[in-house]
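A.B. asks: Quick one: sequence plus predicted model below, questions after.
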Amino acid sequence: MFDLILRRARLTNERLVDIALQEGKIAAVADSLPGEAKRERDLAGRCYVSAGWIDSHVHCYPKSPIYHDEADAIGVATGVTTVIDAGSTGADHIDDFYAITRAATTQVYALINIARTGIVTQNELADMRQIDGDAVAGAVARLPDFIVGLKARMSSSVVGENGIQPLIKAKAIQQRVGGLPLMVHIGNNPPDLAEIADRLTAGDIITHCFNGKPNRVLTPQGELKASVRNAIARGVKMDVGHGSASFSFEVARVAIAQGILPDTISSDIYCRNRLNGPVHSLAHVMSKFLSVGMTLPQVIDCVTWKAAEGLRLTRKGRLEVGYDGDLTLFSLTDTPRLFVDSEGEQLTGEKHLTPLAAVVAGEWFLTEEGKANVFDL
Ligand SMILES: [Zn+2]
């Protein structure tokens, strides 16, 4: 007997399927499943179901003086089953962060900041002595199932006078830790974007890929910069990392119109941009992409299997037998809604996504919208 069967769940290709979970894993997916379960819910095609949403770039170390939040406030409460903290902590605090997150329902992973202090100040890479390869390697050895990659913030306010040097060190540390993915934040120069992009290799991730700063991925003529095009051709991934200051509708629109889609849509959320905007939630960020040229299946791919592949979460991201029993239930609503980017540009979106419930390793959680929903979940 299965633990849970969801009947007539609507996939993003509009097909209706039955999904069975057993012992925290996906046990069966079929047009119509025979058999019984301890619990059954008939969705009757009224909402969508995807693999659990994965937010590839968040900040949820509650003790961070600048970018703090609670994992469940940005996770299951908004339909997100897995979050990856992007460098809030370095080697000095990551064990504490790991211990805290064991109490969360949301599944939390971390990219370790190459600066041992993490983001305690805004300029953690301005002092090269903070970049300690031994400390990073030690942390990865202690927490191999928690640390899924490295983070380096390569913009002028973070690196100070050090230019490209922190990235050169990050790439050397990456070699020491078995080639884990390196997420590189881009923003104001120096260093120039080309200097950064030229050093990245397959599997590295550029976050804040659609930022509206002068050092953006597009030329003034609106073409993708050659260094970025070459990096993508080498296998470098593009992550949104919306954040308070790093997402421009204009850049996204122009890039997507040229077929330059993000690999992952992430929020860069923490308490302040969650409560005050412009981020609010991963669903809110995903909804914006429905208004700048992406389809629903494309958007969902960016928070499911593409996010899992980018961070090597090999048991997540797909609604297939044997994968983790993580699901997100959501609706797509046609009522117009105002969206604002990090540059203050406003647009009225025709559609938006509303998360209704999350299933984490087989356990069921309703969001506030799910509790208020007209049909009984
Ligand atoms: Zn961030």
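C.D. replies: Sure thing, it's come through.
A.B. asks: Near the ion, which residues of the stretch 51-200 of the chain? Just list them.
C.D. replies: By the criterion of CB under 5 Å from the ion, the positions of the stretch 51-200 of the chain lying close to the ion are residue 86. Every C-beta, even on glycine, is put in place using the N, C-alpha and C of the backbone.
A.B. asks: ignore the last one, the stretch 251-377 of the chain
C.D. replies: Those residues of the stretch 251-377 of the chain that sit near the ion, judged by CB under 5 Å from the ion, are residue 268.
A.B. asks: so what's the residue of the stretch 251-377 of the chain found nearest the ion up against?
C.D. replies: In the stretch 251-377 of the chain, no residue comes nearer to the ion than residue 268, which is 4.2 Å away by CB to the ion. Under the criterion of CB atoms under 8 Å, 6 or more residues apart in numbering, the neighbours of residue 268 are 57, 58, 59, 86, 207, 208, 241, 242, 243, 244, 246, 279.
A.B. asks: since we're on the residue lying closest to the fifth one once chain neighbours are set aside, how many residues are nearby?
C.D. replies: Read it as residue 207. Leaving out its chain neighbours, the residue that sits closest to residue 207 by CB to CB, 6 or more residues apart in numbering is residue 241, at 3.8 Å. The burial count assigned to residue 241 is 29, neighbours taken as other CB atoms under 10 Å.
A.B. asks: Domain map for the chain?
C.D. replies: 2-50+327-339+357-371, 52-310 (automatic domain parsing).
A.B. asks: okay, those domains, which one's buried deepest?
C.D. replies: Per-residue neighbour counts averaged over each of the domains of the chain give the maximum for domain 52-310, namely a mean of 21 (mean count of other CB atoms under 10 Å).
A.B. asks: Now the terminal residues of that domain, how far apart.
C.D. replies: The stretch domain 52-310 measures 15 Å between its terminal residues, going by CA to CA, to the nearest Å.
A.B. asks: And the contacts of the helix or strand that residue 109 is a member of?
C.D. replies: Residue 109 belongs to strand 107-113 when elements are defined using DSSP states H and E. Defining contact as CB under 8 Å, 6+ apart, one finds that strand 107-113 is touched by 60, 71, 75, 81-91, 94, 97-98, 101, 119, 124, 136, 139-140, 143, 146-153, 181, 183, 311, 313, 326, 360-361.
A.B. asks: one step back: quick check: the residue nearest to residue 207 touching residue 59?
C.D. replies: No: at 10.6 Å, residue 241 does not count as touching residue 59 under the criterion of CB atoms under 8 Å.
A.B. asks: Mutual contacts of those two, please.
C.D. replies: Common neighbours of residue 241 and residue 59 (CB under 8 Å, 6+ apart) are 86, 268.
A.B. asks: May I have the phi/psi pair for whatever residue of the stretch 51-200 of the chain ends up closest to the ion?
C.D. replies: Taking CB to the ion as the measure, the point where the stretch 51-200 of the chain comes nearest the ion is residue 86, at 4.7 Å. For residue 86, the backbone dihedrals (degrees, to the nearest 10) come out as phi -100, psi 80.
A.B. asks: Beta-bridge partners for it, please?
C.D. replies: Counting by DSSP bridges, residue 86 is bridged to residue 111.
A.B. asks: OK, contacts around the closest residue to residue 163 other than its chain neighbours?
C.D. replies: What sits nearest to residue 163 in space, not counting adjacent residues and going by CB to CB, 6+ apart, is residue 191, at 5.1 Å. Listed by CB under 8 Å, 6+ apart, the contact set of residue 191 reads 154, 156, 159, 163, 164, 167.
A.B. asks: need the contact list for residue 90.
C.D. replies: Taking CB under 8 Å, 6+ apart as the test, what residue 90 contacts is 112, 113, 114, 115, 116, 117, 118, 124, 130, 135, 136.
A.B. asks: Inside strands: which ones of those residues?
C.D. replies: Assigned to strands by DSSP state E, the following of the contacts of residue 90 qualify: 112, 113.
A.B. asks: So the closest residue to residue 293 other than its chain neighbours, which state does it fall into?
C.D. replies: Spatially, and ignoring its direct neighbours in sequence, residue 293 is nearest to residue 256 (4.0 Å; CB to CB, 6+ apart). The assignment at residue 256 comes out as helix when based on DSSP: H, G, I helix; E, B strand; the rest coil.
A.B. asks: next one: residue 244
C.D. replies: Using three-state DSSP, the three-state assignment for residue 244 comes out as coil.
A.B. asks: Could you list every helix and strand in contact with the top helix by length along the chain?
C.D. replies: Longest helix in the chain, counting residues (DSSP state H): helix 165-176. Judged by 3 or more CB pairs under 8 Å, 6 or more residues apart in numbering; DSSP states H and E, helix 165-176 is in contact with helix 133-142, strand 147-154, strand 182-186.
A.B. asks: Switch these over to CSV, and while doing so, append distance to residue 320 and mean pLDDT to every line.
C.D. replies: As requested, the helices and strands packed on helix 165-176 are exported to CSV (distance: least, CB to CB, whole Å; pLDDT from 0 to 100):
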stretch, distance to residue 320, mean pLDDT
helix 133-142, 29, 98
strand 147-154, 21, 98
strand 182-186, 26, 98
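A.B. asks: Now tabulate the ones you listed in JSON lines and tack on distance to residue 13.
C.D. replies: Formatted as JSON lines, those follow (distance: least, CB to CB, whole Å):
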{"stretch": "helix 133-142", "distance to residue 13": "38"}
{"stretch": "strand 147-154", "distance to residue 13": "29"}
{"stretch": "strand 182-186", "distance to residue 13": "30"}
